[in-house]
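J.: next one to model:
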Amino acid sequence: MTLTPRVDPPGPTWWDTLPLTDAPVHAPVAVGGRPTPDALIGAYRAGVFPWPTGEPRPGRRRAPGLPWWCPDPRAVIPAGGVHVSSSLRRRLRSCGWTTTMNRRFDEVVLRCRRTPPDVWITDGLRAGYAGLHALGWAHSLEVWDGDELVGGIFGILVGGVFIGESMFHARTDASKAALADLDARLAAAGGRLIEVQFLTDHLASLGAVEIPRPAYLATLRAVRDADVRLETAELPVLRLAARTAPASPPAPARSRRS
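T.: Residues are numbered from 1 along each chain as shown. You can find the predicted model right below:
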């Protein structure tokens with residue numbers, strides 16, 4: 001079995017000194033700096049993420065510099081909790097797709113980048129993610145129809161939490177298959193959560209729920225140094241059709257970039 005690399009947890013950083021429990025709810029907790037690999041992993045391990053396009057909430061002006069966010073509440077999917085609907089189950093049974101991890105990291109990031117004016121992955125952030133991938137922190141999951149890349153998701157694995165940054169699809173349901181596959185790999189590895197930042201109707205239908213920021217930060221601190229590594233082998237999505245889904249998805253809520 002081939003697994004994602006083992007990484008050495010860094011020591012405390014400046015991000016760990018921020019009083020995040022009492023930080024703004026709908027505003028950046030910090031502004032400025034560059035998305036270098038060191039800055040990114042320090043931020044993610046502390047519970048903070050960059051969002052260069054500005055405010056996560058509509059109707060607010062873009063902050064100057066690079067904004068770093070730690071919203072309250074936080075949207076998460078408990079490991080093993082992705083909701084596989086009956087229609088998605090039918091797709092998984094019939095499509096013949098397979099999945100891999102880390103085979104096309106940069107391409108997945110580019111496909112998630114979108115087009116103006118909705119681009120949020122700047123050149124600097126793309127380079128930062130590439131650096132994290134080279135160091136073993138950032139990962140992609142690809143969905144394949146034969147030799148064609150039809151969907152994917154990427155993010156950062158911080159111990160037992162996978163911080164999902166964005167996903168894309170070129171075929172109906174391919175991004176849902178990517179999330180379900182990632183969830184299965186994380187649960188099998190003993191992970192705790194997929195963090196998806198802000199709740200949307202779409203993510204709620206897939207099993208995401210909101211938890212208070214202090215609860216998320218406490219969970220992250222408890223598992224951020226856990227040795228959780230995901231299987232990277234090519235696997236059929238057919239196996240996901242047999243997974244038991246939650247009885248019903250949670251209620252919908254807010255906006256998010258994926």
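J.: which ones are touching the nearest residue to Pro212 once chain neighbours are set aside?
T.: In space, not counting the residues next to it along the chain, Pro212 is nearest to Pro73; the distance is 5.5 Å by C-beta to C-beta, 6 or more residues apart in numbering. The C-beta positions use only the backbone N, C-alpha and C, and glycine is treated the same way. By C-beta atoms under 8 Å, 6 or more residues apart in numbering, Pro73 lies in contact with Leu199, Glu210, Ile211, Pro212, Arg213, Tyr216.
J.: return the members of these classed as buried.
T.: Buried by 16 or more other C-beta atoms under 10 Å: Leu199, Glu210, Ile211, Arg213, Tyr216, out of the contacts of Pro73.
J.: can you redo the contacts of Pro73 as CSV with pLDDT?
T.: As requested, the contacts of Pro73 are exported to CSV (pLDDT from 0 to 100):
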residue, pLDDT
Leu199, 94
Glu210, 98
Ile211, 97
Pro212, 97
Arg213, 97
Tyr216, 98
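J.: which of these fall in strands?
T.: Glu210, Ile211 (DSSP state E).
J.: if we can go back for a sec, check the gap between the residue nearest to Pro212 and Arg111 for me.
T.: 29 Å (C-beta to C-beta, to the nearest Å).
J.: Val31 now?
T.: As judged by C-beta to C-beta, Val31 and Arg111 stand 28 Å apart.
J.: neighbour count winner among those two?
T.: Arg111 (20 against 12; other C-beta atoms under 10 Å).
J.: helices of the stretch 101-250 of the chain, start to end?
T.: For the stretch 101-250 of the chain, helices defined by DSSP state H, counting those that start in this stretch occupy the ranges 105-113, 123-135, 174-188, 201-205, 213-223.
J.: and the third one, how far out from the chain middle?
T.: In terms of C-alpha atoms, centre = their mean, to the nearest Å, the gap separating the centre of helix 174-188 from the centre of its chain is 11 Å.
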